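[1] Only the shape, not the letters, is given here:
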Ligand SMILES: C[S@@+](CC[C@H](N)C(=O)[O-])C[C@H]1O[C@@H](n2cnc3c(N)ncnc32)[C@H](O)[C@@H]1O
């Protein structure tokens, strides 16, 4: 289990979340940001190529050493500086009200307590700062949601704790963010993959 979680999952994630469609959505998620950005679940740095030059630095939070190793080449090639500032989004070593933007992509599914992580993001954002997210989560279709619940135990074991049915927009609002834009979409693919591909692409702000 240790080797699977520590060695295989980060490499599989790096490959599976690198389709043309997902790259396009990554660009849409981070392409308009500026200033200091904290990114939780930085992984192998797959968003890095899409940060615009207006981003001054990315404060990365990532527990996986393998993912960090995979990220090294992207970090070296990036004009935007990256600083690894911690391993757990549930307790950020970042000053309160200090960053302009926060980012999470395909990570709120895996963090054990996403409410605590979101509260931390709210704390470190400056008032008026934006949280931008691209996540998979609870599908509105009852039969897909049923399958998400059924598959959760297996998915959690295979994918390092990933849960399929988190209601991302609700979690973000419950943490105290003011909801902004939200676009839901289903990734294309066979019916059997629907439980894995219901996406939430959105923004929310820290109330001033
Ligand atoms: C499915 S991967 C997504 C990686 C990357 N964000 C992406 O879009 O490709 C989930 C990431 O969350 C990280 N993660 C897991 N628990 C975490 C935590 N408590 N705090 C921060 N990151 C965490 C994992 O190590 C992994 O890199």
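    Structure received. Just so it is clear, the structure is predicted and the values come from calculations on it, not from any experiment.

[2] spatially speaking, which residue is in the middle of the protein?
    Centrality entry for the chain: nearest residue to the mean C-alpha point is residue 105, 2.2 Å, by Cα atoms, centre = their mean.

[3] does residue 36 have beta-bridge partners, and which?
    Using DSSP bridges, the beta-bridge partners of residue 36 come out as residue 57.

[4] returning to that earlier point: for the residue nearest to the centre of the chain, which non-adjacent residue is spatially closest?
    residue 134 (4.4 Å; Cβ to Cβ, 6 or more residues apart in numbering). Just so you know, the C-beta spots here come from the backbone N, C-alpha and C atoms, and that holds for glycine as well.

[5] For that neighbour, which three-state class applies?
    Secondary structure, DSSP: H, G, I helix; E, B strand; the rest coil: residue 134 is strand.

[6] hmm, back to that, tell me who's in contact with the residue nearest to the centre of the chain.
    26, 29, 39, 41, 46-47, 133-135 (Cβ atoms under 8 Å, 6 or more residues apart in numbering).

[7] ok, now with 7 Å
    Applying Cβ atoms under 7 Å, 6 or more residues apart in numbering, we find residue 105 in contact with 26, 29, 47, 133-134.

[8] pLDDT weak spots in this protein?
    1 (pLDDT under 70).

[9] which residue of it sits farthest from its center?
    The chain, farthest from centre, Cα atoms, centre = their mean: residue 143 at 25.4 Å.

[10] How is that residue assigned, secondary-structure-wise?
    Applying three-state DSSP to residue 143 yields a three-state assignment of helix.

[11] how about the strands of the protein, start to end?
    Using DSSP state E, the strands of the chain run over residues 35-40, 55-61, 82-86, 99-105, 125-136, 178-186, 198-205.

[12] Which one of the ones you listed lies nearest to the ligand?
    Judged by Cβ to the nearest ligand atom, the one of those that comes nearest to the ligand is strand 99-105, at 3.6 Å.

[13] tell me the angle that closest one makes with strand 35-40.
    30 degrees (axes from the mean of the first three to the mean of the last three Cα atoms, to 10 degrees).

[14] In the contacts of residue 105, which residue is surrounded by the most others?
    Top of the contacts of residue 105 by neighbour number is residue 133, holding 28 neighbours under the definition other Cβ atoms under 10 Å.

[15] For the nearest residue to it once chain neighbours are set aside, list the residues it contacts.
    The shortest distance from residue 133 to any non-neighbouring residue, by Cβ to Cβ, 6+ apart, is to residue 104 (4.9 Å). By Cβ under 7 Å, 6+ apart, residue 104 lies in contact with 40-41, 133, 135.

[16] Roughly how far does residue 104 sit from residue 176?
    According to Cβ to Cβ, to the nearest Å, residue 104 stands 16 Å off from residue 176.

[17] What of residue 34?
    Using Cβ to Cβ, one gets 23 Å for the distance from residue 34 to residue 176.

[18] And the helices in the chain, which stretches?
    2-3, 9-16, 20-30, 65-77, 114-124, 142-158, 168-174 (DSSP state H).

[19] Can you get me a residue count around residue 76?
    Burial of residue 76 is recorded as 9 neighbouring residues (other Cβ under 10 Å).
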